[in-house]
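S.K.: Sharing a model that was predicted from the sequence below.
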Amino acid sequence: MLRDLLGLVKTAARRPTGPAAVAAMAVSIVACGSTTSSTHSSRLTARPAAETRPTVPTVLVLTQTLGYHHASIPTAMATVRALASRSGRYRVVFLATAAQLTPAVLRHAAAVMFLLTTGELPIGAEKRALVDFVRRGGGLIGFHSATDTFHHWAAYKDIIGAEFSYHPHPSTQRVIVTDRSTPATQTLPASVLIHEEFYVFKNNPRPHVHVLAELDTGPSGPDQPLVWCRRFGRGRVYYDALGHFSATWHNRYQRNLVSGGILWAVGLASAPSCSTPSAPYRLGAAAYH
């Protein structure tokens, strides 16, 4: 199974990174074997364990939606694949369903990414495996509607840091970068203007996460974190609430947030500040709504 998985990734790295090519590379991996696209053989050959281990970290990427389906998903997939190809320091493998996040597959992964996922995905009995994977040192990466996923799974909401509540009408707003010391934010200016769908969460993640960027709501406005990182056990959790529009994935600031966040989450870059929750929201600001 692992040999087929890695073989698909190596082939994908040599293919074009446009949306059509990305969509064609969605793979299906099951606990008792491997089913692949028609251009790849599923035949397995026994090999010593040392030969089957990847030479670079593997990031498993989910885009499954059982709720709202973002039109930006193909562009987001293309962006993630292009960044991985350009970096060369990690691989990405796109899974068709959360049911493929089995203990056997997770053992060979460095991180799991929820890329614009929504709804109660069919992970079932493997929920404990994903929690243990992160707690023991794996990475969990979420973009935009990753917080609109698993509303009925308390452990997932605890790990990722917040649960989506609602969003106002999309608008052009200023995003303040509050920590520029991390790989995700070090090349960003102090603030950026972006047209987006800005999420409001059911709970304020600030007491439990390290906020990297927040919506500029004015000197006495409410606290609205948008990008954060945290440690969960020995694992690394990174979340970026941006990404509703395809244009966002072409935005150089978002691409920096994506590439740097992945590098940190898989353990290829350092961000000491992510180990410490943020200080309380600025004095004089309104309470979180």
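M.R.: Cool, the structure landed. All values derive from a computational prediction rather than experimental measurement. Residues are numbered from 1 along each chain as shown.
S.K.: from here on, contacts and neighbour counts on C-alpha atoms
M.R.: OK.
S.K.: low-scoring stretches of this protein, by residue?
M.R.: 1-54, 283-289 (pLDDT under 70).
S.K.: which residues in it form helices?
M.R.: 2-13, 19-24, 49-52, 73-87, 103-106, 127-135, 154-160, 246-250, 252-265 (DSSP state H).
S.K.: Dump those to JSON lines, plus distance to Ala213 and mean neighbour count.
M.R.: Shown next, in JSON lines, are the helices of the chain (distance: least, Cα to Cα, whole Å; neighbours: other Cα atoms under 10 Å):
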{"stretch": "helix 2-13", "distance to Ala213": "31", "mean neighbour count": "18"}
{"stretch": "helix 19-24", "distance to Ala213": "28", "mean neighbour count": "16"}
{"stretch": "helix 49-52", "distance to Ala213": "39", "mean neighbour count": "10"}
{"stretch": "helix 73-87", "distance to Ala213": "20", "mean neighbour count": "20"}
{"stretch": "helix 103-106", "distance to Ala213": "30", "mean neighbour count": "17"}
{"stretch": "helix 127-135", "distance to Ala213": "23", "mean neighbour count": "19"}
{"stretch": "helix 154-160", "distance to Ala213": "16", "mean neighbour count": "17"}
{"stretch": "helix 246-250", "distance to Ala213": "16", "mean neighbour count": "17"}
{"stretch": "helix 252-265", "distance to Ala213": "10", "mean neighbour count": "22"}
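S.K.: Ok, which of those helices comes nearest Val227?
M.R.: Closest of the helices of the chain to Val227 is helix 252-265, at 8.7 Å (criterion: Cα to Cα).
S.K.: Identify the bridge partners of Val237.
M.R.: Beta-bridge pairing of Val237 under DSSP bridges involves Leu140, Arg230.
S.K.: Verify the stated contact: Lys202 with Glu163.
M.R.: Yes: Lys202 lies in contact with Glu163 (Cα atoms under 8 Å); the separation is 5.6 Å.
S.K.: Show me which of these two is the more surrounded one.
M.R.: Between Lys202 and Glu163, counted using other Cα atoms under 10 Å, the more crowded position is Glu163 (24 against 13).
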